[in-house]
Structures are given as C-alpha cells and as structure tokens.
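*Asks:* 3D model of this:
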Amino acid sequence: FDGVVMCVGQEAFQGRMLHTSQYRGQASFQGQRVLVVGAGQASGTDVAQDLSFGAKQVLLSVRRGLILLPRFLGGRPNAEWFERNIWS
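*Replies:* Sure thing, here's the model as predicted:
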C-alpha cells in the first residue's frame, strides 16, 4: 500500500490486510475479529461502524485519543443539533 506505515511483526501476521479504499462491505468479515487502524478522514470510523453490524468484534486503533460523535443526533445533522442545544 502506498503511504501506509509498516508495523514491527506485521510480516508474521497470518490474516488479511487491506486499505479502506479496497473495502467493499462487511459480508466477508461476518463473525470475525477485526482491527481497524486509524480514523483519518472519517474512513476508518466509517468502516469500523459498518463492520460492527456483523463482525464478532471490531477494534479501532488510533494514535491519539479522540472523541467520536455520531453524524446525526435526534434525526438531525450533529452540527444543527449542537447549534440548537449547546451553542444557543
């Protein structure tokens, strides 16, 4: 993968590795334990959320702590919800 960090011990890993650009859906991950590395540009979080509906376990590994917010709160985009309920 172009621009992907290689990890110590990665060559010994027996499972499947793919970049989010190659992800086509959760079907092939049903019942499996999955590690999603990185949450950049929302693609990692989108994939982790999609996998959560069928995988046995989904772990999201990130460099620093982060706060995950849903895109919609109360049926409205979260920015609109925050504007009505927090910032006004």
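*Asks:* could you find the closest non-adjacent residue to residue 73?
*Replies:* Leaving aside its chain neighbours, residue 73 sits nearest to residue 81 (3.9 Å; criterion: CB to CB, 6 or more residues apart in numbering). Every residue, glycine included, has its C-beta placed from N, CA and C.
*Asks:* list the residues that contact the one you found.
*Replies:* 72-74 (CB atoms under 8 Å, 6 or more residues apart in numbering).
*Asks:* most neighbours, which of those residues?
*Replies:* Neighbour counts for the contacts of residue 81 peak at residue 73, which has 15 neighbours (criterion: other CB atoms under 10 Å).
*Asks:* that one pairs with what?
*Replies:* Assessed by DSSP bridges, residue 73 has beta-bridge partners residue 76.
*Asks:* distance of it relative to residue 8?
*Replies:* Residue 73 sits 40 Å away from residue 8, going by CB to CB, to the nearest Å.
*Asks:* next: residue 46.
*Replies:* In terms of CB to CB, residue 46 sits 28 Å off from residue 8.
*Asks:* what about these two, which has more around it?
*Replies:* For residue 46 and residue 8, the more surrounded residue by other CB under 10 Å is residue 46, and the numbers stand at 15 against 6.
*Asks:* element containing that one?
*Replies:* In this structure, residue 46 sits in helix 43-51 according to DSSP states H and E.
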